[in-house]
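J.: Fold the stuff below for me.
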Amino acid sequence: MNASAYPTVLNLYATDLLLDLDPVDWHSRYRLRIEMAKEAKKEDSEDIDRKKKTKPSHKLAEYVGEYENPGYGLISVELNGKKLKCKYHSLSSDLEHWHYNVFKTTDEFLDEAGIKIQFLPNLKGDIDKLTVPFELSLDPIVFTKKPSLDMYNPEFLSQFIGEYELAGQIIKIDLKGEDTLILTVPGQPVYELVPYKDTEFTLKDYQGFSVIFTVDKKKGVTEVIFSQPNGVFTAKRVK
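T.: Have a look, this model is predicted:
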């Protein structure tokens, strides 16, 4: 599992027993090999591919969040003082900036330190994915950033319910169930709004379409901005 030497060690012990040989301390032998390999790695120029004097493209707070993969579960990234820290199930490690949007684990993480985690921005320029090389024989595993749980809170969503006027048309925002906003435009199908970040939602099944609600601290929600491939349109709240 994860390139562990234990299956090999177990195999060798079993072979000794089956051949009625005196068991060899295979565990110690492989432990020594691993330690020697680690020392050799330290002596190598492991940063040969490192681009020095670079910095992250975003503020560290923008990397924070939960990232999910259907098969591997969740990786959470949080801010630990002035550094990022990642957690995966019972494993955790501080992250050292390597170069650009690549960070390196500093603690034992999946049997070793030094695993490179790469953060990826989307077309909007927001960090929305990370990749981790969990399996050496496969491409890095992709984890997608999840929206904040607050965006599913009925109290948070209810502030957007209402009617908005755009070019003489009345557009309605309603709540379906307890945690799903829907958008109704005259003459068009009903659109489901998917939480993205802050007060921005994307249209389910429609690439490149999103709505952003403008919130005034005193007046509340005043308008909704539609961002789509053919332009940006603003609808003022009327009810």
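J.: Low-confidence ranges, this structure, go.
T.: The chain contains residues with pLDDT under 70 at 1-3, 38-46, 110-113.
J.: Domain ranges for it, per the record?
T.: Domain assignment for the chain by automatic domain parsing gives 6-43, 60-145, 149-237.
J.: can you tell which of the ones you listed is closest to residue 51?
T.: domain 60-145 (4.1 Å; CB to CB). Using the backbone N, CA and C atoms, a C-beta is placed for each residue, glycine as well.
J.: what separates that closest one from the chain centre, distance-wise?
T.: Offset of domain 60-145 from its chain centre (CA atoms, centre = their mean, to the nearest Å): 7 Å.
J.: how about the domains of the chain, which one is nearest residue 50?
T.: Among those, if distance is taken as CB to CB, the winner is domain 60-145, at 5.5 Å.
J.: Can you check the distance spanned by the closest one, start to finish?
T.: 15 Å (CA to CA, to the nearest Å).
J.: Show me the helices in this structure, by range?
T.: Listed in chain order, the helices of the chain (DSSP state H) span 6-18, 26-43, 154-158.
J.: Now those in a markdown table, please, with extra columns for distance to residue 107 and mean neighbour count.
T.: Shown next, in a markdown table, are the helices of the chain (distance: least, CB to CB, whole Å; neighbours: other CB atoms under 10 Å):
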| stretch | distance to residue 107 | mean neighbour count |
| --- | --- | --- |
| helix 6-18 | 21 | 12 |
| helix 26-43 | 14 | 12 |
| helix 154-158 | 36 | 13 |
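J.: To residue 67, which of those lies closest?
T.: helix 154-158 (21.9 Å).
J.: can you put the helices of the chain in TSV and add distance to residue 236?
T.: Converted to TSV, the helices of the chain look like this (distance: least, CB to CB, whole Å):
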stretch	distance to residue 236
helix 6-18	65
helix 26-43	61
helix 154-158	19
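J.: Compare these and report which one is nearest to residue 208.
T.: For those, the distance to residue 208 is smallest for helix 154-158, at 22.9 Å, taking CB to CB.
J.: and that closest one, what does it pack onto?
T.: Under the contact criterion of 3 or more CB pairs under 8 Å, 6 or more residues apart in numbering; DSSP states H and E, helix 154-158 touches strand 169-176.
J.: If you count neighbours, what's buried in the strand it packs on?
T.: Judged by neighbour count (16 or more other CB atoms under 10 Å), strand 169-176 contains these buried residues: 171, 173.
J.: Stretch 212-232 too?
T.: Those would be 212, 213, 221, 223, 224, 226, for stretch 212-232 by 16+ other CB under 10 Å.
J.: go on, stretch 81-90?
T.: In stretch 81-90, counting by 16+ other CB under 10 Å, buried: 84, 85, 86, 88.
J.: Can you say which two of those residues are spatially most distant?
T.: 84 and 88 (13.5 Å).
J.: Does residue 159 touch residue 222 like I think?
T.: No - counting by CB atoms under 8 Å, residue 222 is not a contact partner of residue 159; they are 11.2 Å apart.
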